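Engineer: sequence plus predicted model, see below.
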Amino acid sequence: MAQVVTLGPEREPAGDRVQAVGAQDEIEVFGAAGDEEELVTEALLRSSGTVELEGTGDLRHDLVDHLVALAGLLSTTTGRAMQRAIQSAGEKPQVARSVNRIFEQRLASLQQVVDRAVARGELPPVDGYFLAEMLTGPVHLHVSRNLRPFTRTEAERITDVVLAGLRHTAG
């Protein structure tokens, strides 16, 4: 039996296995019967796009590239639908669990890059989750306001301020 999960501004997720289709600030997921939380997680993973953190050995460059890519993703219809799904997580436990699983997966990648930067002496020891919040929060705000384009210069400013703050407050 096929079911649909629709994640959007006013719809509750309900459904199973997955084929995600993004449209007009919502994500519809079609699939065969199964665990609803797994379906929602898989739908969010497939629909959220990927913003890879390269880990080239140049922390500033990698973080700036990551923020530029994140802003690009958030500016798409799929990105806006993901934002709505994330915002709905407080009222929808299965979405909250799925969002947390996705963040944990992505955070593991960032933490590896951060750990290597700490080992090279570029950063003091820092929690990747805290760093991610400090870096991505301004990007989400900038894109959601949609008052002007998010540029590489904005990404550089955010990255420089966050990294300087971490270095200044260490010890």
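Structural biologist: Received the coordinates, thanks.
Engineer: show me the shaky parts of this structure.
Structural biologist: For the chain, residues meeting the criterion pLDDT under 70 lie at 1-52, 171.
Engineer: which residue ranges of it form helices?
Structural biologist: 36-47, 59-74, 77-88, 93-119, 128-145, 152-169 (DSSP state H).
Engineer: tally up the residues packed near F130, please.
Structural biologist: 12 (other Cβ atoms under 10 Å). All C-beta spots, glycine's among them, are computed from the backbone N, C-alpha and C.
Engineer: before we move on, what about L63?
Structural biologist: Around L63 there are 26 residues (other Cβ under 10 Å).
Engineer: highest mean neighbour count out of the helices of the chain?
Structural biologist: helix 36-47 (a mean of 21; mean count of other Cβ atoms under 10 Å).
Engineer: re earlier: got CSV for the helices of the chain, with distance to L53 too?
Structural biologist: Below are the helices of the chain laid out as CSV (distance: least, Cβ to Cβ, whole Å):
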stretch, distance to L53
helix 36-47, 16
helix 59-74, 5
helix 77-88, 17
helix 93-119, 5
helix 128-145, 10
helix 152-169, 12
